[in-house]
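Q: sequence? don't have it. structure:
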């Protein structure tokens, strides 16, 4: 069975995983562990656990079985009322409870995987507690994933460098999965807060370079204020590649389908714009795969089935 490892976090990993689980693959989702905002940030600070939000999304994406739909709804349910529970998702609280019951974050993930009857594995990139830092082009330093993700600074400032402090080490089981993979899918997702943080973990670059897997980069659909403002596809690919240790990706998947003008206009209010798939992208990958990878929905998101089909056909 073909072994596929995805590296990322957030909605990007969720979309890819939902599509891949429909194929006869052995799937391992490697998830960033440096979220510092929202429910995940609160639980991380109060209970000293790894931020559970992106792990929860990956677990839900891979869930199967007769109870899958009910459990997905339950794990994604977010409390909108009530004092201390407001803003928390049930799945995040559930993972926090499992961590307390079984004494470790990794055991909590394993037990949740059993309950959700997931296809494959969900693994943290690291078990170390670390924070993401960014150095902007004006020399200022931003501390914490949430402050990079939702900038309080001028979001047009380009990020020159990101790093983890204190340093984090690659989780041993995650390293093994990368080494044994046939295909490694990097992205899509916010480059500096969901994708690149995985590559900053000690031992990750070495594992990716040493792995004989085909390395596949999936480009974002939209730019993001504070991270990729004014970027084209090659800018994002170059940024991710520079932290990967690789000379080139084997494949880069880039959407060229146009979005509905109304949808584009809605995202422009958030300072998000469609990513242009430019010719320079070919400098960072052996092969560029373009096409319609856009989901016909009222939000800008990759189509799970289209992305998974394309990845399944790679040799």
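A: Okay, I see it. Quantities reported herein were computed from a predicted structural model and do not represent experimental measurements. Numbering: from 1, shown residues only.
Q: Quick check: residue 166 vs residue 55, distance?
A: Using CB to CB, to the nearest Å, residue 166 is found at 21 Å from residue 55. From N, CA and C alone the C-beta is placed, and that goes for glycine too.
Q: For the nearest residue to residue 88 once chain neighbours are set aside, give its distance to residue 57.
A: The shortest distance from residue 88 to any non-neighbouring residue, by CB to CB, 6 or more residues apart in numbering, is to residue 39 (4.5 Å). Counting by CB to CB, the gap from residue 39 to residue 57 is 12 Å.
Q: got it, and residue 263?
A: Counting by CB to CB, the gap from residue 263 to residue 57 is 23 Å.
Q: what's around residue 47, how many residues?
A: Residues lying near residue 47 (other CB atoms under 10 Å) number 13.
Q: Residue 164 and residue 133 touch, don't they?
A: Yes. Using CB atoms under 8 Å, residue 164 makes contact with residue 133 at a distance of 7.3 Å.
Q: Could you list the buried residues of stretch 53-67?
A: Across stretch 53-67, burial judged by 16 or more other CB atoms under 10 Å covers 53, 54, 55, 56, 57, 58, 59, 60, 61, 62, 63.
Q: do the same with stretch 230-249
A: 231-237, 239-241, 243-244, 246, 248-249.
Q: what about that stretch, distance to the chain center?
A: 15 Å (CA atoms, centre = their mean, to the nearest Å).
Q: so how far is the first residue of that stretch from its last?
A: End-to-end span of stretch 230-249 (CA to CA, to the nearest Å): 23 Å.
Q: in the stretch 1-150 of the chain, which segments are predicted with low confidence?
A: Low-confidence segments of the stretch 1-150 of the chain, defined by pLDDT under 70: 41, 82.
Q: Kindly recompute the last result at 80.
A: Applying pLDDT under 80 to the stretch 1-150 of the chain flags residues 36-42, 44-49, 65-66, 68, 81-83.
Q: which residue ranges form the strands in it?
A: Taking DSSP state E, counting those that start in this stretch as the criterion, the stretch 1-150 of the chain contains strands spanning 2-8, 25-31, 121-124, 131-136, 141-143.
Q: which residues of the stretch 201-315 of the chain fall in helices?
A: For the stretch 201-315 of the chain, the helices defined by DSSP state H, counting those that start in this stretch occupy 204-210, 233-244, 261-268, 304-312.
Q: Including distance to residue 27, could those helices go into a markdown table?
A: Shown next, in a markdown table, are the helices of the stretch 201-315 of the chain (distance: least, CB to CB, whole Å):
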| stretch | distance to residue 27 |
| --- | --- |
| helix 204-210 | 17 |
| helix 233-244 | 20 |
| helix 261-268 | 30 |
| helix 304-312 | 10 |
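Q: Format those as JSON lines; extra columns: mean pLDDT.
A: JSON lines is the format used below for the helices of the stretch 201-315 of the chain (pLDDT from 0 to 100):
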{"stretch": "helix 204-210", "mean pLDDT": "98"}
{"stretch": "helix 233-244", "mean pLDDT": "98"}
{"stretch": "helix 261-268", "mean pLDDT": "94"}
{"stretch": "helix 304-312", "mean pLDDT": "97"}
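Q: among the ones you listed, which is nearest residue 45?
A: Comparison of the helices of the stretch 201-315 of the chain against residue 45 by CB to CB identifies helix 204-210 as nearest, at 25.2 Å.
Q: Check the offset of the closest one from the chain's centre.
A: Helix 204-210 has its C-alpha centroid displaced from the chain centroid by 18 Å (CA atoms, centre = their mean).
Q: Which positions in it come out as buried?
A: Within helix 204-210, the residues that count as buried by 16+ other CB under 10 Å are 204, 205, 207, 208.
Q: ok now stretch 185-202, how far from the chain's centre?
A: Centre to centre, stretch against its chain (CA atoms, centre = their mean), the figure for stretch 185-202 is 6 Å.
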